[in-house]
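Participant: Take this sequence and fold it.
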Amino acid sequence: MLALLLALLAGCASQGAHTGLTEPPAPATGAPAAPRQVAGDTQAARERSPLPLPETVAKPEAPPDPWQRLRGRFAFTSIEHPRIDHELQRLRRHPPSLSALLQRMRRYLPLISEAVERQELPGEIALLPAVESGFDPYAYSPYGAVGLWQFMPATARIMGLAHDRWYDGRRDLIPATRAALRYLVQLRQALDGNWLHALAAYNCGIGTVKKAMRKARHKGRSTSYWALDLPAETDAYVPRLIALAKIIEHPRQYGVELPELDDRPRLQTAEVHGSLDLEIAARLAQIPLEELLALNPAYRRGVTPPGRTSRLLLPEDRKTQFETALAALPRRQWLRWAEHRIARGDTLGKIARHYKVTIAAIREANGLHGDRIRAGRTLRIPLSGKAADVRRGLVRVARRKVHYRVRRGDSLYAIARRFSVSIRDLRRWNRVGRYIRPGQRLTVYVKAG
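Facilitator: Model prediction:
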């Protein structure tokens with residue numbers, strides 16, 4: 001009896017180990033077990049699992065190698081599907097691009113991985129910015145999505161990310177990462193706990209995914225992500241993420257060398273009360289301006305906003321240096337200014353061009369409400385603009401929308417070359433697959449100027 005009791009308890013423990021994992025019902029007695037389909041309906045249980053591995057009573061100590069820690073949380077790399085194979089081939093066809101992407105990850109991945117691990121989410125989510133923005137915090141799409149996580153303005157407002165003329169929370173690494181993870185969890189909860197559906201909804205919207213699921217049910221078809229009728233971009237979105245995770249899981253198999261990562265985020269925040277020129281901030285922290293801007297892409301005008309407290313993300317070993325130097329710097333030297341005595345014939349436009357600043361900046365610095373100025377008076381000219389100029393160089397060039405009607409003999413390749421855009425973007429902008437037809441109207445976003 002004792003042996004029987006212990007066996008029953010062991011069986012219960014093994015069933016309870018998969019917290020949040022919904023298993024398919026066992027087949028009826030005498031009925032043959034259904035064949036396993038890796039990317040079909042029987043995969044739905046794994047798609048709903050919040051963790052890649054079952055929880056155990058005694059968790060092993062986290063491995064020190066950050067790549068290995070990330071691999072240990074992968075939940076979807078065992079999925080096999082032709083669309084994943086296609087994305088693997090695509091990534092392997094361009095080794096320099098993949099290498100550049102992995103290098104860009106080095107700055108941001110430890111921070112994101114720690115947040116993903118802390119919330120016990122699948123490790124692949126830490127790689128999502130690679131698919132969204134190529135780990136470029138200054139990236140934006142023609143649709144208005146911004147930052148590492150490519151937040152649209154409406155979604156950013158719902159998730160509490162502030163946005164004004166001084167600051168864009170969609171580009172602030174820590175708040176945007178927290179908002180993105182929270183949003184993904186909400187999507188998963190709203191989509192029956194299915195992670196792949198949640199990832200698809202992050203790309204194309206929850207309404208689109210729900211509509212595709214309703215359509216599938218109405219036709220008596222599978223509601224697995226792999227079977228849903230979704231936009232072409234979303235069809236490739238999840239496979240691209242899983243393909244990248246597979247490469248990171250077995251880099252030698254794919255001939256890839258992963259760059260070294262810090263074993264934890266070696267970044268800390270420092271508070272700034274008021275408006276500080278980011279060029280001066282970089283000098284105080286003794287780091288290159290480009291590095292400071294890469295860590296603080298949210299400040300849109302090259303200065304921290306006036307009249308409020310801001311936070312600068314700095315390398316851990318630079319925080320004390322920065323805070324000590326800032327405390328010793330007189331407040332009047334936090335921004336760089338010039339004084340201009342107004343001469344007869346001067347206009348705000350002429351003065352702004354001379355100092356290479358905006359008319360609005362001169363108005364704001366001097367409390368002006370119009371363009372009228374008086375000869376003999378002195379204007380204060382804000383010169384804190386180098387950081388803003390460097391930042392503008394980091395932001396991808398703005399694009400303007402044009403319409404193109406497909407001609408006989410055209411191909412996506414030919415059109416992409418004509419407008420200097422990628423085939424991938426052409427497909428994404430127009431929700432088209434591999435083929436186009438004469439007379440079809442395409443939208444193309446070309447570089448302005």
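Participant: all helices in the stretch 1-150 of the chain, in order from the N-terminus.
Facilitator: Read by DSSP state H, counting those that start in this stretch, the stretch 1-150 of the chain holds these helices, from start to end of the chain: 2-16, 44-48, 66-71, 82-93, 95-118, 128-132.
Participant: Could I get those in CSV, plus columns for mean neighbour count?
Facilitator: Placement of C-beta: from N, CA and C, glycine included. Formatted as CSV, the entries for the helices of the stretch 1-150 of the chain read as follows, by neighbours: other Cβ atoms under 10 Å:
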stretch, mean neighbour count
helix 2-16, 9
helix 44-48, 20
helix 66-71, 18
helix 82-93, 16
helix 95-118, 17
helix 128-132, 23
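Participant: for those helices, which one sits closest to Phe322?
Facilitator: Of all the helices of the stretch 1-150 of the chain, it is helix 95-118 that lies closest to Phe322, at 18.0 Å by Cβ to Cβ.
Participant: where do the strands sit along the stretch 201-350 of the chain?
Facilitator: Ranges of strands within the stretch 201-350 of the chain are 267-273, 309-315, 337-341, based on DSSP state E, counting those that start in this stretch.
Participant: what's the closest of those strands to Arg171?
Facilitator: With distances scored as Cβ to Cβ, the stretch of the strands of the stretch 201-350 of the chain nearest to Arg171 is strand 309-315 (11.5 Å).
Participant: Parallel or antiparallel, which strands does the closest one pair with?
Facilitator: With DSSP bridges as the test, strand 309-315 is paired with strand 267-273 (antiparallel).
Participant: What lies in contact with the strand it pairs with?
Facilitator: Contacts of strand 267-273 from elsewhere in the structure, counted by Cβ atoms under 8 Å, 6 or more residues apart in numbering, are 111, 174, 281, 295, 304, 309-316, 319, 322-323, 326.
Participant: and if you look at stretch 281-290?
Facilitator: 272, 278-279, 291-292, 304, 312, 314-315, 318-319, 321-322, 325-326, 329, 386-387, 390, 394.
Participant: filter the residues you listed to the buried ones?
Facilitator: Neighbour-count burial (16 or more other Cβ atoms under 10 Å) is assigned, among the contacts of stretch 281-290, to 272, 278-279, 292, 304, 312, 314-315, 318-319, 321-322, 326, 386-387, 390.
Participant: Looking at these, which one is closest to Gln253?
Facilitator: Relative to Gln253, the closest of these is Pro315; by Cβ to Cβ it sits at 34.0 Å.
Participant: Could you check how far Arg93 is from Arg178?
Facilitator: Distance from Arg93 to Arg178, counting by Cβ to Cβ, to the nearest Å: 35 Å.
Participant: How about Ala212?
Facilitator: Ala212 is 29 Å from Arg178, where distance means Cβ to Cβ.
Participant: who has more neighbours, the two?
Facilitator: Under the neighbour definition other Cβ atoms under 10 Å, Ala212 and Arg178 were set side by side, and Ala212 has more, 21 against 16.
Participant: ok, the more buried one - contacts?
Facilitator: Residues near Ala212 by Cβ under 8 Å, 6+ apart: 228-230.
Participant: Need the buried ones from those selected in ChimeraX.
Facilitator: Here the buried members of the contacts of Ala212 are turned into a ChimeraX selection, burial being counted by 16+ other Cβ under 10 Å:
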select :228,230
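Participant: Is it possible to get TSV of the contacts of Ala212 that adds pLDDT?
Facilitator: Putting those into TSV (pLDDT from 0 to 100) gives the following:
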residue	pLDDT
Leu228	97
Asp229	96
Leu230	93
